[in-house]
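Colleague: Any chance you can model this:
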Amino acid sequence: MTGTPAPFTAGDPAPFTAGDYGARMRRAAEAAADAGLDGVLIAPGPDLVWLTGYRPVETERLTLLVLRAGQDPVLVVPTLEAPDAAAAAPMLTLRDWTDGKDPYAAAASLVGSEGRFGVSDNSWALHLLGLQRRLPDTRYVALTEALPMLRAVKDAAEVARLAEAGAAADAAYEEIRKVPFAGRGEADVAADLAELLRHFGHSQVDFTIVASGPNGANPHHEAGERVIERGDMVVLDFGGLKHGYGSDTSRTVHVGEPDLEERRVHDVVRAAQEAGVAAVRPGAACQDVDRAARAVITEAGYGEYFIHRTGHGIGVTTHEPPYMIEGEELPLVPGMCFSVEPGIYLPGRFGVRIEDIVTVTEEGGWRLNTTSREMAIVD
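Modeller: Next up, the predicted model:
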């Protein structure tokens, strides 16, 4: 990539406070009780970061946040990590354990000898099985199943961070359109995209899909050494984390002038994406967004080539509930943020996907990505 674009200059957001995290933990404990759970058990990962702001290294040593309605939150933590935990999450009571001792004994008295608990999705089997051995009369269910709405509804500060991440991804797209495509490897363009995301403030780049020509028919194609040619359709799908919250956007560009079918397919996907966004309103079901987008593609004769859900939630991770898919009847409520990303994938030929992050407002859907959805012609 040649030249250096102007940096994205939005200021850093105010950090979340101990009060913010305390409110989230109370909300989680109360939601668990309302769902018939005796509490929730949170391992290191996105749930722990969202609830406490603490991001420990994930290892074989047990770290476990125990939340129960009406009780103070307690973090079971290795003794050698206790100082870091205390500094990062001063609102927590710590119960530490030392190497050579049974960490599950430290957790057992907090969990209790029986009951049903929600467990963060990314909990290690090693730790869950160890806890089950110590407490054979306890039962466990994944948080995504038990409390799918826990992180789904964002407050204003979270939406603002998502909007900043989206704006930074949009800035990266505007710049990537200026670089040469023809005669370069997909991986080279993907590296340019990653550099641009970091330039515009992303601390973490999660993916930079550059899928040219027939590779575009694979929605999760890994950018490889295929040389992009004139006449190729190229799917660009990229995102990561900025200020701890995710970006994820897709646009499909064409190297040189497209033919009539390529234009038609792109127009169909653009119309489907518009229909999906138009279906976003409070009270609608998640599946209504999928149905609206899918109906446009099916009516155009490409239904069998739309091979994934229409959208996924986004927040402290780039994929989380809610999901815009047939059968998901959860109602949309203001503060939900998710992708709307229909696509058509013609095996051996090309693919098209257009994706924006949308948040639900009282009036409907508000796009957090604002770049043009028209087909861009690149060199």
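Colleague: Distance-wise, check the nearest residue to residue 153 once chain neighbours are set aside relative to residue 282.
Modeller: Excluding its sequence neighbours, the residue lying closest to residue 153 (Cβ to Cβ, 6 or more residues apart in numbering) is residue 335, at 4.1 Å. C-beta here means a position set from N, CA and C on the backbone, and glycine is covered the same way. Using Cβ to Cβ, to the nearest Å, one obtains 10 Å as the distance from residue 335 to residue 282.
Colleague: quick one: common contacting residues for these two?
Modeller: Shared contacts of residue 335 and residue 282 (Cβ atoms under 8 Å, 6 or more residues apart in numbering): residue 360.
Colleague: now for the longest helix seen in the chain, which elements pack on it?
Modeller: Looking across the chain with DSSP state H, the single longest helix is helix 156-176. Counting contacts by 3 or more Cβ pairs under 8 Å, 6 or more residues apart in numbering; DSSP states H and E, helix 156-176 is packed against helix 186-199, strand 233-242, strand 245-246, strand 249-255, strand 337-340, strand 356-360.
Colleague: Would you mark the buried spots in it?
Modeller: Residues of helix 156-176 classed as buried by neighbour count (16 or more other Cβ atoms under 10 Å): 158-173, 175-176.
Colleague: any idea of the mean pLDDT for it?
Modeller: Per-residue pLDDT over helix 156-176 has a mean of 97.
Colleague: Compute the inter-axis angle for that helix and strand 249-255.
Modeller: Regarding helix 156-176 and strand 249-255, their directions subtend 10 degrees when assessed with axes from the mean of the first three to the mean of the last three Cα atoms, to 10 degrees.
Colleague: Compute the inter-axis angle for helix 156-176 and strand 233-242.
Modeller: Between helix 156-176 and strand 233-242, the angle comes out at 140 degrees (the same axes, to 10 degrees).
Colleague: With just CA atoms, put helix 156-176 into CSV.
Modeller: Output in CSV follows, covering the C-alpha atoms of helix 156-176 (Å, rounded to 0.1, in the frame of the first residue of the first chain):
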residue,chain,number,x,y,z
ALA,A,156,-25.7,4.2,24.8
ALA,A,157,-22.0,4.0,25.7
GLU,A,158,-21.7,0.6,24.0
VAL,A,159,-23.5,1.7,20.9
ALA,A,160,-21.2,4.7,20.7
ARG,A,161,-18.2,2.4,20.8
LEU,A,162,-19.7,0.2,18.1
ALA,A,163,-20.4,3.3,16.0
GLU,A,164,-16.8,4.3,16.3
ALA,A,165,-15.6,0.9,15.3
GLY,A,166,-17.9,0.9,12.3
ALA,A,167,-16.7,4.4,11.2
ALA,A,168,-13.1,3.2,11.4
ALA,A,169,-14.0,0.1,9.3
ASP,A,170,-15.7,2.4,6.8
ALA,A,171,-12.6,4.6,6.6
ALA,A,172,-10.5,1.5,5.9
TYR,A,173,-12.9,0.6,3.0
GLU,A,174,-12.7,4.0,1.5
GLU,A,175,-8.9,3.7,1.4
ILE,A,176,-8.7,0.1,0.2
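Colleague: Pull the distance from it to the chain's centre.
Modeller: Averaged C-alpha coordinates place helix 156-176 at 14 Å from its chain's average position (Cα atoms, centre = their mean, to the nearest Å).
Colleague: Compute the inter-axis angle for it and helix 186-199.
Modeller: Here the directions of helix 156-176 and helix 186-199 differ by 140 degrees (the same axes, to 10 degrees).
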